[in-house]
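Undergrad: okay, predicted coordinates and the sequence, questions at the end:
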Amino acid sequence: MKSKAFQEYYPPQFSHCFGCGTDNAHGLHILSYWADEAAGETIATFTPSEEYTGGFPGFVYGGLIAAILDCHGNATASAAGYRH
């Protein structure tokens, strides 16, 4: 069984982010998990649909990449901080 995603621990007032908010019906729903908690390694997977392509078919636009990195990075920092 997969563990709970870091974002699923966010309180309701912090759950509306377009990238990772679990309460945002129109969001991307990026979820981050421990890959190896002892080593401090995390993982997030996201498969974009066609509407997120940039100027070249088959390639996502930079803003989407930034959102994924931002949401995953912040979730990882929160989880690491909570651990300590």
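TA: Thanks, I have the structure now.
Undergrad: show me what contacts the residue positioned nearest the centre of the chain?
TA: The geometric centre of the chain, computed from its C-alpha atoms, lies nearest to Ile30 (Cα atoms, centre = their mean), at 3.3 Å. Applying Cβ atoms under 8 Å, 6 or more residues apart in numbering, one finds that Ile30 lies in contact with 7, 19-20, 44, 46, 67-68, 71-72. Any C-beta I mention is one placed from the backbone N, CA and C, and that applies to glycine too.
Undergrad: separation between it and Gly19?
TA: Summarising the geometry, the distance separating Ile30 from Gly19, computed by Cβ to Cβ, to the nearest Å, is 5 Å.
Undergrad: between the two, which contacts overlap?
TA: Common contact partners of Ile30 and Gly19 (Cβ under 8 Å, 6+ apart): 67-68, 71.
Undergrad: possible to save the residues you listed as a markdown table with neighbour count?
TA: Converted to a markdown table, those look like this (neighbours: other Cβ atoms under 10 Å):
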| residue | neighbour count |
| --- | --- |
| Ala67 | 19 |
| Ile68 | 20 |
| Cys71 | 25 |
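Undergrad: adding distance to His84 and secondary structure as columns, could you present those residues in a markdown table?
TA: What follows is these, written out as a markdown table (distance: Cβ to Cβ, whole Å; DSSP: H, G, I helix; E, B strand; the rest coil):
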| residue | distance to His84 | secondary structure |
| --- | --- | --- |
| Ala67 | 27 | helix |
| Ile68 | 25 | helix |
| Cys71 | 21 | helix |
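Undergrad: between those, which sits nearest Gly40?
TA: When those are compared for distance to Gly40 (Cβ to Cβ), Cys71 wins out at 18.1 Å.
Undergrad: what's near enough to touch the closest one?
TA: The neighbours of Cys71, taking Cβ under 8 Å, 6+ apart as the test, are 7, 17, 19-20, 28, 30, 32, 44.
Undergrad: let me know the closest of these to Glu50.
TA: Using Cβ to Cβ, the shortest approach to Glu50 within those belongs to Leu28, at 14.2 Å.
Undergrad: residue ranges with poor pLDDT in the protein?
TA: Counting by pLDDT under 70, the chain shows low-confidence ranges at 1-2.
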